[in-house]
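Asks: Build me a structure from this.
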Amino acid sequence: MVYVWYPASAGRGNRSDGVYLPGAKEIEKTSGTSRIKQNVFEDVWPRVLSGEVTSHAQEDIAPAKRTNPFPVILFSHGGGSTGFAYTALVECLVSHGYVVAAIEHTYEAAAVVFPDGRVIPYSEENMRRMQKPPGASYDQMVENAMSWIRARDDVFAADQRFVLDQLVQLNHNNALPFAGQLDLNRVAAVGHSMGGQASIRACQLDDRIKACVNLDGGTVDGVLIKYPGANAPKQPALYVETPFMPIAADHLKDLHQTGAEWIQQWRARARKQLQAFEGGSYYALLTARGMSHRSYSDQSLLAARDRATQKESLRNLQLIEVVTRAFTDKYLKGIPSALLDHGSQDNRKLLIQRFNIP
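Replies: Numbers count the residues shown, from 1 in each chain. Model prediction:
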């Protein structure tokens with residue numbers, strides 16, 4: 001299931017608040033959908049279900065008129081999430097002149113609602129594979145996890161490439177409001193977490209994609225998952241990291257390392273990989289207070305209980321939007337970026353390094 005978000009004409013008629021999560025009522029009535037309620041939206045689910053949480057999007061309205069077609073972004077959510085949890089980021093990109101094809105990766109998303117009313121929950125097999133084998137050593141845990149992650153990333157990347165194939169056809173379908181409005185020579189793959197890893201993988205596999213963005217998706221391999229015979233992408237790439245600890249304390253004991261030592265080694269490995277990207281790459285480290293893996297989605301902002309936390313969550317989300325759009329503007333629109341090329345002056349919030357970017 002794919003939702004295509006596109007810039008609307010300024011003179012649109014209906015300015016009422018749009019639906020935040022289409023199919024929420026169908027999800028509520030379907031068994032096996034606890035993940036989207038409990039893991040994605042948590043305490044906010046009743047407000048999403050009731051329609052209290054809204055978006056700025058309207059369905060089936062006229063696209064903005066322009067001489068040149070819009071660049072396209074293929075967007076992939078994190079594993080077990082939903083593209084609608086990233087509404088703020090998607091709306092930001094669309095409001096700055098992009099068409100965004102937000103993919104609901106069936107069986108990989110928390111719940112996918114189809115037009116015929118079917119609701120497909122997150123795969124139970126994925127839930128089982130995500131669990132660490134009891135008593136497993138660090139090496140066994142890594143082998144099990146990486147086998148599962150490679151398979152999932154290949155599924156995500158295949159979905160991205162399939163969607164691009166379909167957009168090529170749909171761009172010639174005059175029955176659609178955005179027909180002829182897509183510039184499919186200017187396409188980027190953007191994703192968060194597992195969706196970000198898959199965006200890098202899609203760039204490895206498909207040179208129709210001109211730039212790739214990985215928002216906080218990393219494994220023990222680093223930012224480039226090791227596939228036999230695969231080289232680093234030829235396209236320019238952006239990797240955005242939030243300080244994290246993706247390894248349990250008991251496994252640190254197995255490795256005889258502190259958390260700080262493990263992270264230092266991981267970042268050195270990630271930087272080395274980024275330096276090998278043939279098309280060049282950027283590494284952005286976000287260190288603003290309150291920044292977390294959830295900050296890329298709407299989750300932190302929706303869950304905020306007081307004004308100070310709301311302000312902090314909104315600032316972090318806007319920082320992510322600024323960095324992401326600076327990159328896509330540069331490589332899909334040809335707009336120079338002082339932020340990327342000179343870096344932030346405030347290292348308490350953002351550090352940018354560039355590798356071999358022309």
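
Asks: for Leu285, phi and psi?
Replies: Note on Leu285: its backbone torsions stand at phi -110, psi 120 [degrees, to the nearest 10].

Asks: per-residue confidence at it?
Replies: Per-residue pLDDT puts Leu285 at 89.

Asks: next one: Ala136
Replies: pLDDT at Ala136 comes out at 68.

Asks: mind listing what Tyr20 touches?
Replies: 48, 51, 53-55, 84, 87 (C-beta atoms under 8 Å, 6 or more residues apart in numbering). All C-beta atoms are positioned from the backbone trio N, CA, C, and that covers glycine.

Asks: can you pull out the helices in the stretch 251-358 of the chain?
Replies: 259-275, 299-303, 307-333, 338-342 (DSSP state H, counting those that start in this stretch).

Asks: just the stretch 101-250 of the chain next, same as before
Replies: 124-130, 138-170, 194-205, 249-255.

Asks: Quick one: closest of those helices to Arg294.
Replies: Nearest to Arg294, of all the helices of the stretch 101-250 of the chain, is helix 194-205, at 14.0 Å by C-beta to C-beta.

Asks: which secondary structure elements does that closest one contact?
Replies: On a contact count with 3 or more C-beta pairs under 8 Å, 6 or more residues apart in numbering; DSSP states H and E, helix 194-205 meets strand 70-76, helix 138-170, strand 182-192, strand 211-215, strand 237-241.

Asks: Quickly list what Val4 is bridged to.
Replies: Beta-bridge pairing of Val4 under DSSP bridges involves Ala101.

Asks: Correct me if wrong: it contacts Ala101.
Replies: Yes: if you go by C-beta atoms under 8 Å, Val4 and Ala101 touch, sitting 5.3 Å apart.

Asks: Which one of the two is surrounded by more residues?
Replies: Regarding Val4 and Ala101, a neighbour count based on other C-beta atoms under 10 Å identifies Ala101 as having more, with 23 against 17.

Asks: Which pLDDT value goes with that one?
Replies: 97.

Asks: Kindly report the same for Gln235.
Replies: According to the model, Gln235 scores 95 on pLDDT.
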